[in-house]
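Undergrad: What shape does this take:
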Amino acid sequence: MLGILGRNRNTLTDGVIDLIPVREYPADEEMGFGREYTWIIAPHGKRREMGRINLRLGESPCVYSFGHIGYHVDPPYRGHRYAELACRLIAPVIRREGKTSVVITCDPDNWPSRKTCEALGCALERTIRVPQWIRDSWSISEVKCRYIWRVSADTSA
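TA: Numbers count the residues shown, from 1 in each chain. Sure thing, here's the model as predicted:
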């Protein structure tokens, strides 16, 4: 059951976790991320931060390497599928923004993130070398796996 929670009408919940909006960022010209949304991942009904997820709506060389979706779960909370649940919660936002697919990237040796992508039904598009100019400008690994997530109406299942 997906829904909106509490005072902040933009908080998303599935009854297990809540996504509490941090803010919407305007389009970033330097990175080409486009408009960007960021949420805190918290236990349902609590304001304790367990991690974050963000959605980048732009298309650029940086988005190609960083992905449309970025997430992290803090170490004490890992192993509970919170990143997968958070992705499913933002699926309606992705669709509302007119996208039918998004990219999630991760390091080849980041098995928990790769498992998250597989659980979402993502397809591994390819493994890429991140351009040197991006690595020089931002802290990002040299190699990334690019997963494509086709966001359909039944993604929240």
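
Undergrad: thought Leu57 was touching Gly32?
TA: No: counting by C-beta atoms under 8 Å, Leu57 sits too far from Gly32 to count as a contact (10.5 Å). All C-beta atoms are positioned from the backbone trio N, CA, C, and that covers glycine.

Undergrad: Double-check that Ile20 belongs to a helix.
TA: No: Ile20: not assigned to a helix; according to DSSP: H, G, I helix; E, B strand; the rest coil it is strand.

Undergrad: who touches both of Leu57 and Gly32?
TA: Counting by C-beta atoms under 8 Å, 6 or more residues apart in numbering, Leu57 and Gly32 have no shared contacts at all.

Undergrad: Point to the residue nearest the middle of this protein.
TA: Geometric centre of the chain, nearest residue: Ile69, 3.0 Å, by C-alpha atoms, centre = their mean.

Undergrad: Pretty sure Pro92 sits in a strand.
TA: No: Pro92 is assigned helix when assessed by three-state DSSP, not a strand.

Undergrad: quick one: it from Leu55, how far?
TA: Pro92 sits at a distance of 11 Å from Leu55 (criterion: C-beta to C-beta, to the nearest Å).

Undergrad: Compare neighbour counts for these two and give me the winner.
TA: Using other C-beta atoms under 10 Å, the more surrounded residue of Pro92 and Leu55 is Leu55, with 24 against 15.

Undergrad: In terms of helices and strands, where is that one?
TA: Element membership of Leu55, judged by DSSP states H and E, is strand 51-56.

Undergrad: and the helix or strand sitting right after that strand along the chain, which residues are buried?
TA: Heading C-terminal from strand 51-56, the first helix or strand you meet, by DSSP H and E, is helix 61-66. The neighbour-count check on helix 61-66 (16 or more other C-beta atoms under 10 Å) flags Cys62, Val63, Tyr64, Ser65, Phe66 as buried.

Undergrad: Tell me which residues are up against helix 61-66.
TA: Outside helix 61-66, the residues that touch it by C-beta under 8 Å, 6+ apart are 31-34, 56, 103, 105, 128, 130-131, 134, 138, 140, 144, 146.

Undergrad: Mark which of those residues are buried, thanks.
TA: Met31, Gly32, Phe33, Gly34, Arg56, Val103, Thr105, Val130, Ile134, Ile140, Lys144, Arg146.
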